[in-house]
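In: Okay, here's the prediction I keep looking at, along with the sequence it came from:
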Amino acid sequence: MRNLFLFSVFILTSLAMKAQSTKDEQAIQDKINQLVSELTLEEKAALCSGRDDWSTQPIERLNIPWIWVADGPHGLRRAPATNKPGYGDQLPATCFPTASALAATWDLDLLYKVGQSLGEECQAQDVNVILGPGVNIKRSVLAGRNFEFFSEDPILSGELGAAYINGVQSQGVGTSLKHFTANNVETMRMYNNSDMDTRTLHEIYLTPFEIAVKKAQPWTIMACYNRVQGVYGTQSPYLLTDILKKEWGFKGIVISDWFAVVNRVEAMKAGMHIEMPSVSAVNDSLVVEAVKNGDLDIAVVDQLVKEILTVVFKAKSLEKEGAELNADKHHNFARQVASEAITLLKNENQILPVTKEKYKRVAIIGEFASAPRYQGNGSSEVKPTQLDKALDMIKKEYGKDIKVSYAQGYKLSDDNDTSLIDEAKKVAAAADIALVFAGLPLQYESEGIDRTHIHMPASHNKLISEIAKVQKNTVAVLTNGSAVTMPWINEVDGILETWLGGQAGAGAVADVLFGKVNPSGKLAETFPMKLEDTPSFFNFPGEQGEVLYGERIFVGYRYYDEKKIEPLFPFGFGLSYTTFEYSDLKLSAKNTTDKDGVSATVTVKNTGDVKGKEIVQLYVTDQKSTLQRPKKELKKFVKVELESGEEKEVTFKLEARDFSYYDGKREMWIAESGDFSISIGASSRDIRLSEVVALQSTQQVPLAFDEYTFFSEYWKNKQTRALLMELVPNWIKGFTGEGKSGYTADFPGFLVDHPLLKFPYITHGEISHAQVMELVEKCKGFTYNP
Ligand code: BGC
């Protein structure tokens, strides 16, 4: 059902449809400007908030239409009407695998196609903007929404997010990139302060958003609940205006997370466009009052309204009347997507795949095989168009040739009930292989609640161990949206991580188990041996509303590398039914500059018997850096498909940013001169080849010295040293030896590790405070080549 305005939509809509030229765009902007001039202040304030749960505010008097927004991200959760919450009564839609599964595909083309399908579903259900993707970093294994986010790595998260957005938006439907930013914990999520240094903010928590904005221009961005560096995400001029708009060139609008706004007027000043959902007219009247009493500039309101109208009219102009959902096609595609995500973690003695030659009788154990867990709890919950079960799929597709037996093994209704294990052991013992379906029940992974441990239910763990005692061919088939411990890891020959595979995940599991699909997923997050090993162990979920990001940039594999901690399974890891060989890593140059960058080419060969896909990962290491840097950082990746015996060359292009760190003091990215290792790996702990490139930086970077900078720093730099020679010549002379000039002075460290501010005292009055400040002033324009 379209809104009332559909048939009378303002001329703008048709103009927007044809808006190919700058002239057309100008015509649209002129019309919007005119509308803004006709709107009353009250109407403008109303436009900056939702009409109800899921729609924007229309202004009937001026034929300004409304648009429909709905969750997101791995399928559509559309309520029956825009003023209904849509929990339980949402319209059926295809439930695709959740973000942790999508990320395990590392496949940008696939993510684009998932986006396209979601866009098609939105068109079929009259939704203009889907609330996703979520590119928040998986900072802690305990975070309740990890199943809904892609990765612990910023580049991987950002690239996947961009591909998803481009796919959705190719269908004339917008996205809402969320939750901007540092929204990494559920406990106290509406109040917590993500307290971190500026470098960490940029390198880890802003980078995924930056990539997605620059590569895909989402129509909307969702501002987070939490505070970042002390300021609410909805009210941060630094995040919403300085960075998002000015630095990254974001052209869309910012909407709030649901009920995230604390002070609407401050939020609008910061650059937030729409408060969602509707929260009564109270906040609108505050806006009106603020304009009237001069606290809020009307020009700010007008600009926000113009930008809102630009998105609204664009969305209306791209609606496809009569679009229909092709449920079967999307179900089949969802199966393919789920199969690409499945990650083979262990395959001793080539226990998998299951073939009728190897195994005549297959025991399927575990209630998940008949009552699948396929998505997470919370606002992303999709009502699937259909739901496959692994037991049914396996019986239907393989039951002719193989005898399939089943035992429930545990009760999903009671984590600690182990009364079904004995019966399951009998079933397993009477077969040639046992496939044990286990993992995390729905209540373990939810929006709004963090986990307190990372174990599977006791009954699941015990079941796997007990089955392995009676059946030497045991495979654990895991269903979970985030990392778990595996106390039975050495007792089973096979482990298949199937994630939360969506409504068609069961068929995908069957495809991989029985070898129709060769598994190619790799972990987009580290699986730790134990919670105590994890980077944010001491600082999650925070205390009294403060979350200290104490591990700083050392998130995920960056931390395990630095601390030399062996994970259960490392970032980037995943096996295949075939093997791959890496050779001939070549760099386009041995010496380069930040401007030229460098290309790396490597050959990958399928050395096994079956066709397969390999995810090739490129990591960069700065061998020596002014600031502390991770041992390696993922910069590029690609998934390649290879027939048995086939080889392909892949090329990655590295640019200045790939070598840079973010300098929080200077507030800029810096690529320092020096040697960088370019490493190619099959995982973060399986580096196959490495070469070195020497980078000569051409950047001129502000020196950024002030009165607090140490004398030693001033002394190291040629320009400032000359000034020091003039400033305190006598004091310096006291440290020059026989026949040496002032430039070769040899200072004791404890003296020169004083800020310049202290030099009036240290030099016993040779200079005054005013002279120090004069020197500082002179240094302001100085730059250096890093
Ligand atoms: C969630 C968002 C979601 C919104 C609307 C919020 O509680 O954080 O991810 O899009 O609700 O359901």
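Out: Done, it's in. Numbers count the residues shown, from 1 in each chain.

In: Near the residue in the stretch 551-700 of the chain that the ligand sits nearest to, how many other residues are there?
Out: Relative to the ligand, the nearest point of the stretch 551-700 of the chain is residue 555 (21.1 Å; Cβ to the nearest ligand atom). In this view, the C-beta of every residue, glycine as well, is placed from N, C-alpha and C. Applying other Cβ atoms under 10 Å, we find 26 residues neighbouring residue 555.

In: hang on, isn't it packed against residue 137?
Out: Yes: here residue 555 reaches residue 137: they are 6.3 Å apart, a contact under Cβ atoms under 8 Å.

In: joint contacts of the two?
Out: 152, 204 (Cβ atoms under 8 Å, 6 or more residues apart in numbering).

In: so residue 257 sits right up against residue 226, yeah?
Out: No: Residue 257 lies out of contact with residue 226 (Cβ under 8 Å); the separation is 9.3 Å.

In: Those two - which one has more neighbours?
Out: Ranked by neighbour count (other Cβ under 10 Å), residue 257 and residue 226 place residue 226 first, with 26 against 23.

In: Tell me the pLDDT of the residue of the stretch 551-700 of the chain closest to the ligand.
Out: In this model, residue 555 is scored at 98, pLDDT.

In: Let me see the contact set for it.
Out: Contacts of residue 555 by Cβ under 8 Å, 6+ apart are 137, 139, 152, 204, 535, 536.

In: Is it within a helix or a strand, and which one?
Out: Counting by DSSP states H and E, no helix or strand carries residue 555.

In: how about the strands in the stretch 1-150 of the chain?
Out: Residue ranges of the strands in the stretch 1-150 of the chain, as given by DSSP state E, counting those that start in this stretch, are 69-71, 129-131.

In: what does the stretch 1-150 of the chain have sitting close to the ligand?
Out: Where proximity means Cβ under 6 Å from any ligand atom, the interface of the stretch 1-150 of the chain facing the ligand comprises 71, 72, 131.

In: what's the closest non-adjacent residue to the last one?
Out: Taking Cβ to Cβ, 6 or more residues apart in numbering as the measure, residue 131 lies nearest to residue 72, with 3.6 Å between them; neighbours along the chain are not counted.

In: can I assume the one you found is in contact with residue 130?
Out: Yes: here residue 72 reaches residue 130: they are 4.9 Å apart, a contact under Cβ under 8 Å.

In: Which residues are in contact with each of these two?
Out: Overlap of the contact sets of residue 72 and residue 130 (by Cβ under 8 Å, 6+ apart) consists of residue 176.

In: who does the residue of the stretch 1-150 of the chain found nearest the ligand bridge with?
Out: Closest residue of the stretch 1-150 of the chain to the ligand, Cβ to the nearest ligand atom: residue 131 (3.8 Å). Residue 131 forms beta bridges with residue 71, as assigned by DSSP bridges.

In: How much space separates it from residue 575?
Out: Distance, residue 131 to residue 575, by Cβ to Cβ, to the nearest Å: 35 Å.

In: show me the contacts for the one residue sitting closest to the centre of the chain.
Out: Nearest to the mean C-alpha position of the chain, by Cα atoms, centre = their mean, lies residue 135 at 2.9 Å. Residue 135 makes contacts with 149, 150, 157, 158, 160, 161, 177, 178, 208, 209, 212, as judged by Cβ under 8 Å, 6+ apart.

In: Looking at it now. What's its pLDDT?
Out: pLDDT recorded at residue 135 is 98.

In: how near is the nearest residue to residue 378 once chain neighbours are set aside to the ligand?
Out: Nearest residue to residue 378 in three dimensions, chain neighbours excluded: residue 447, at 2.7 Å (Cβ to Cβ, 6+ apart). As judged by Cβ to the nearest ligand atom, to the nearest Å, residue 447 and the ligand stand 6 Å apart.

In: Now residue 447: phi and psi?
Out: Main-chain torsions, residue 447, degrees, to the nearest 10: phi -60, psi 140.

In: who's more crowded, residue 72 and residue 130?
Out: Shown here are residue 72 and residue 130; by other Cβ under 10 Å, residue 130 has more neighbours (31 against 27).

In: I'd assumed residue 172 was in contact with that one.
Out: No: Residue 130 is not in contact with residue 172 according to Cβ under 8 Å; the separation is 12.0 Å.

In: what do those two both touch?
Out: residue 119.

In: pLDDT value on residue 730, please?
Out: On the pLDDT scale, residue 730 gets 89.

In: would it count as being in a helix?
Out: Yes: counting by DSSP: H, G, I helix; E, B strand; the rest coil, residue 730 is found in a helix.

In: The residue nearest to it when sequence neighbours are not counted: how many residues sit nearby?
Out: Spatial nearest neighbour of residue 730, chain neighbours left out: residue 766 (5.7 Å); criterion: Cβ to Cβ, 6+ apart. The tally of other residues near residue 766 (other Cβ under 10 Å) stands at 15.

In: With residue 653 instead?
Out: Neighbours of residue 653 (other Cβ under 10 Å): 11.

In: Work out for me the element it sits within.
Out: Here residue 653 is assigned to strand 647-654, by DSSP H and E.

In: buried ones in that strand?
Out: Residues 647, 648, 650, 652, 654 are the ones in strand 647-654 that count as buried (16 or more other Cβ atoms under 10 Å).

In: what's the offset of it from the middle of its chain?
Out: In terms of Cα atoms, centre = their mean, to the nearest Å, the centre of strand 647-654 is set 24 Å apart from its chain centre.

In: Surely residue 675 is within a helix?
Out: No: counting by three-state DSSP, residue 675 is not part of a helix but strand.

In: rewinding a little: please verify my assumption that the residue nearest to residue 730 contacts residue 733.
Out: No: counting by Cβ under 8 Å, residue 766 stays clear of residue 733, with 10.6 Å between them.
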